[in-house]
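Student: Need a 3D model of the following:
(chains A and B)
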Amino acid sequence: MSYLLAGLRAGIERALRGAFEAARPGLGLDSGTVIPPFTVEVPRDKDHGDFATNLALLLTKAARRSPRQIAEVLVSHLSLPELSVKEVIIAGPGFINFRLDPDWLHSVLPEIAAWGDRYGRRNLGGGRKVQVEFVSANPTGLLHMGNARGAALGDGIAALLSFMGFDVAREFYVNDTGHQVENLALSMEARYFQALGRDWPVPEDGYHGEDLVETAGRFVAEHGDRFAVHAPDERREALLRFALEEKLPAMRATLDDFGVRYDVWFSEQSLYARGAVRETLELLRARGHLYEREGALWFKAGAFGGDKDEVLVRQNGVPTYFAADIAYHKDKYDRGFDWVINVWGADHHGHVPRMKGALAALGYDPDTLDVVIMQLVRLYRGGEMVRMSKRTGQYVTLDELLEEVGRDAARYFFVTRGADSHLDFDLDLAKSRTNENPVYYIQYAHARISSLFRQLAERGGTVPGYQGIPDVTLLEAEAERALIRRLADFPEEAALAAYDLAPHRIAHYVHDVAGLFHHFYNAHRVLGAGEKLEEARLMLVNCTRVVLKSALALLGVSAPERM
RNA sequence: GUCCCAGUAGCUCAGUGGAUAGAGCAACGGCCUUCUAAGCCGUGGGCCGGGGGUUCGAAUCCCUCCUGGGACGCCA
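Tutor: Alright, predicted model coming up:
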């Protein structure tokens, strides 16, 4: 709702609290009765007014009479000074409905025009530092569909929180050490010898992607066969370094093409290099949360809500991934983030309780860590599921997806569904240039408006803006009022989406706005509607453009001026 | 076996305590000498997986069962 509408809602809420207090004696409620957690919401059905509250329904037990009777008592004590509430009606089982003076809509467009591209922004965060970590793929190959969904989701969440006034940092955790990286080294070694004509198979659990064949080929071009005779450790080290120096910038470039820019690329290796892992282990040990068993060092995760205890240092003395991850999360808090959000694939959900447990063990509030668990992505082409297997190296990469369907469609499709729904990505739909495709439907609305403005400029006209607000009371057609009403929802929608860490709400909202615009556009002429009416409609159209553009920006989707 | 996610229109999914459950696509029927038809209008389509419970009120919360996916490693 517009800021004005939000104010009205807050005013109604206050008035209801006042009415509750005043109605205590009449309802036979003693002073110990607290007001129940009632809602003031916008009813789905327009006939039920602009706002409705369930307060009376929630008081039936305490007041021991029918909700409609309670509602009548409440309403008799209700005073709504200075609010543009036109009537209050008791309806249905006992809802109290508030109908606003319909003229309130007239204030929406001037409000949007005044805020411009800042319309919808809030300062709920007050500059609080929040970190969003997402993708964090192993630097061992190319980015796949799961990474892509994580990128779109994480970036969308970050954008929403930024819109809400948080100081947001986007971070990529680079797993540049450990078992997976060793696998990469061994896979590179195999591809290296293969390039030199030797029969040397890629390890069973190695990386079988074709990209390593090319990487090894470039290594040979640069270094020839001289590493063939080196000690294996040196050879693998050189191959690994070469691969990482190629893979990391490649992933960065891909994500850049996807419209995702990180503030920090955080190296896991760096945690070891500066002793952060050891320090964290010492801290946990000092707090009495570790013990040794069978030559390994264990964390008492079970005592902190985990399913079972977890190994932090193996028998062979090498810390586990989990140990490094704890050190990493401690580092996040040490850097001053007081809210930490991770976007993880569903295959990591079991990691959540022990990570939170580790934070609790270190003395942090585990509730300051939010982990958004994202379900898997399935690709469809021609109605058939595209089988993907990392082991065989057969999977569609993000690069290929961007090549095939383009950035906007990819970004939009990945955030159309809630994170905890499986995502079926229909490649044919995403790249179709027809009305089947929701991305183009929305972008088309923006392009149409832009086209209007081009023609207006050719006629020497200007878009009504900050000075000289036109007479918006002329916008009384149903299609106009419906569009204005929906534009008024934007700040509330953005706030709810941020609160739920759910960009898909914005995806649905912006589609809705586009639909209302197309409906309006088809029913009413803008240019040539008559001087006063044309001005008013231009203003409506411009405000629609502002909201479309802002909402699309939150999703990382462009707002084209032509299509 | 234990835990997590999902099950809503033919398909893909929104809606997670409110009043008569929505959208897109698909199906069917209309609208282009007029600001972009990548558009609009209309029609049909639902035991909200089954059962039980809590509540004035349940798609939404609880229990149980069924189905699909995922996790349960000194991998990450």
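Student: got any ranges where the stretch 451-563 of chain A has weak pLDDT?
Tutor: For the stretch 451-563 of chain A, residues meeting the criterion pLDDT under 70 lie at A:465-468.
Student: Recalculate using a threshold of 80.
Tutor: By pLDDT under 80, the weakly predicted segments of the stretch 451-563 of chain A are A:464-468.
Student: next one: the stretch 1-150 of chain A
Tutor: Low-confidence segments of the stretch 1-150 of chain A, defined by pLDDT under 80: A:1-4, A:31-32, A:81-83, A:140-141.
Student: For it, list the residues in contact with RNA strand B, please.
Tutor: A:39, A:41, A:43-45, A:47-49, A:52, A:54, A:57-58, A:60-61, A:67, A:91-95, A:97, A:138 (C-beta under 7 Å from any atom of the strand). All C-beta spots, glycine's among them, are computed from the backbone N, C-alpha and C.
Student: Going by neighbour count, which of those residues are buried?
Tutor: Buried subset of these (neighbour count, 16 or more other C-beta atoms under 10 Å): A:43, A:48-49, A:52, A:54, A:57-58, A:60, A:67, A:92, A:94-95, A:97, A:138.
Student: Now intersect those with the helices, please.
Tutor: Among these, the ones falling in helices (DSSP state H) are A:57-58, A:60, A:67.
Student: now, which of those residues sits nearest RNA strand B?
Tutor: Closest approach between those and RNA strand B, by C-beta to the nearest atom of the strand: A:L57, at 3.6 Å.
Student: Quick check: phi and psi at A:Q131.
Tutor: phi -110, psi 130 (degrees, to the nearest 10).
Student: Just to check, it is in contact with A:A169?
Tutor: Yes. Contact status for A:Q131 versus A:A169: in contact at 4.8 Å, counting by C-beta atoms under 8 Å.
Student: rewinding a little: closest to A:L109 among the buried ones among the residues of the stretch 1-150 of chain A next to RNA strand B?
Tutor: Checking those against A:L109 by C-beta to C-beta gives A:G49 as the nearest, at 22.2 Å.
Student: Find the residue closest to that closest one in space, skipping its chain neighbours.
Tutor: A:N97 (3.6 Å; C-beta to C-beta, 6 or more residues apart in numbering).
Student: how about that neighbour, what does it touch?
Tutor: Applying C-beta atoms under 8 Å, 6 or more residues apart in numbering, we find A:N97 in contact with A:43, A:48-49, A:51-52, A:88-91.
Student: at 7 Å what do you get?
Tutor: Under the criterion of C-beta atoms under 7 Å, 6 or more residues apart in numbering, the neighbours of A:N97 are A:48-49, A:52, A:89, A:91.
Student: Closest to A:A113 out of those?
Tutor: Distance to A:A113, by C-beta to C-beta, is smallest for A:G49 among the contacts of A:N97, at 27.3 Å.
Student: hang on, isn't that closest one packed against A:D101?
Tutor: No. Taking C-beta atoms under 7 Å as the definition, A:G49 is not a contact partner of A:D101, at 11.8 Å.
Student: Assign A:A324 to helix, strand or coil.
Tutor: helix (DSSP: H, G, I helix; E, B strand; the rest coil).
Student: Go ahead and name everything in contact with whichever strand or helix holds A:L297.
Tutor: Element membership of A:L297, judged by DSSP states H and E, is strand A:296-299. Applying C-beta under 7 Å, 6+ apart, the contact partners of strand A:296-299 are A:284, A:289-291, A:309-315, A:358.
Student: The residues you listed also near RNA strand B: which ones?
Tutor: Applying C-beta under 7 Å from any atom of the strand to the contacts of strand A:296-299, those adjacent to RNA strand B are A:310-311, A:314-315.
Student: If you rank the residues you listed by neighbours, which is first?
Tutor: A:E310 (19 neighbours; other C-beta atoms under 10 Å).
Student: For stretch A:470-482, buried residues please.
Tutor: Under 16+ other C-beta under 10 Å, the buried positions of stretch A:470-482 are A:470, A:472, A:474-475, A:479-480, A:482.
Student: is that stretch anywhere near RNA strand B?
Tutor: No. Shown here: stretch A:470-482 not in contact with RNA strand B (C-beta under 7 Å from any atom of the strand), separated by at least 8.0 Å.
Student: same deal with stretch A:375-390?
Tutor: Yes. With C-beta under 7 Å from any atom of the strand as the criterion, RNA strand B is reached by stretch A:375-390 at A:375-376.
Student: Tabulate the CA atom coordinates of that stretch in CSV.
Tutor: What follows is stretch A:375-390, C-alpha atoms only, in CSV (Å, rounded to 0.1, in the frame of the first residue of the first chain):
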residue,chain,number,x,y,z
GLN,A,375,14.6,-27.1,-3.8
LEU,A,376,16.0,-28.5,-6.9
VAL,A,377,15.6,-27.4,-10.5
ARG,A,378,14.5,-29.6,-13.3
LEU,A,379,14.9,-28.6,-16.9
TYR,A,380,12.4,-29.4,-19.6
ARG,A,381,12.8,-29.1,-23.3
GLY,A,382,10.2,-30.2,-25.8
GLY,A,383,8.1,-31.5,-22.9
GLU,A,384,10.9,-33.9,-21.9
MET,A,385,13.0,-33.6,-18.8
VAL,A,386,16.6,-32.9,-19.5
ARG,A,387,18.7,-35.4,-17.6
MET,A,388,21.7,-33.9,-15.8
SER,A,389,24.6,-35.7,-14.2
LYS,A,390,27.6,-34.0,-12.8
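Student: tell me the mean pLDDT for it?
Tutor: Mean pLDDT, computed over stretch A:375-390, is 79.
Student: Now tell me what touches it from outside.
Tutor: Counting by C-beta under 7 Å, 6+ apart, A:144-146, A:149, A:346, A:394-396, A:420-428 sit against stretch A:375-390.
Student: Next step: these restricted to helices.
Tutor: Those of the contacts of stretch A:375-390 lying in helices (DSSP H): A:145-146, A:149, A:427-428.
Student: tell me which element A:D399 falls in.
Tutor: Using DSSP H and E, the element containing A:D399 is helix A:398-405.
Student: what about the closest residue to A:R149 other than its chain neighbours, how many neighbours?
Tutor: Leaving aside its chain neighbours, A:R149 sits nearest to A:F414 (4.7 Å; criterion: C-beta to C-beta, 6+ apart). Per other C-beta under 10 Å, the neighbour tally for A:F414 reads 29.
Student: Verify the contact between A:F414 and A:G146 for me.
Tutor: No. Taking C-beta under 7 Å as the definition, A:F414 is not a contact partner of A:G146, at 10.3 Å.
Student: do you know how far the residue most central in space within chain A is from RNA strand B?
Tutor: With distances taken as C-alpha atoms, centre = their mean, chain A has A:I157 as the residue nearest its mean C-alpha position (2.7 Å). Using C-beta to the nearest atom of the strand, to the nearest Å, A:I157 is found at 14 Å from RNA strand B.
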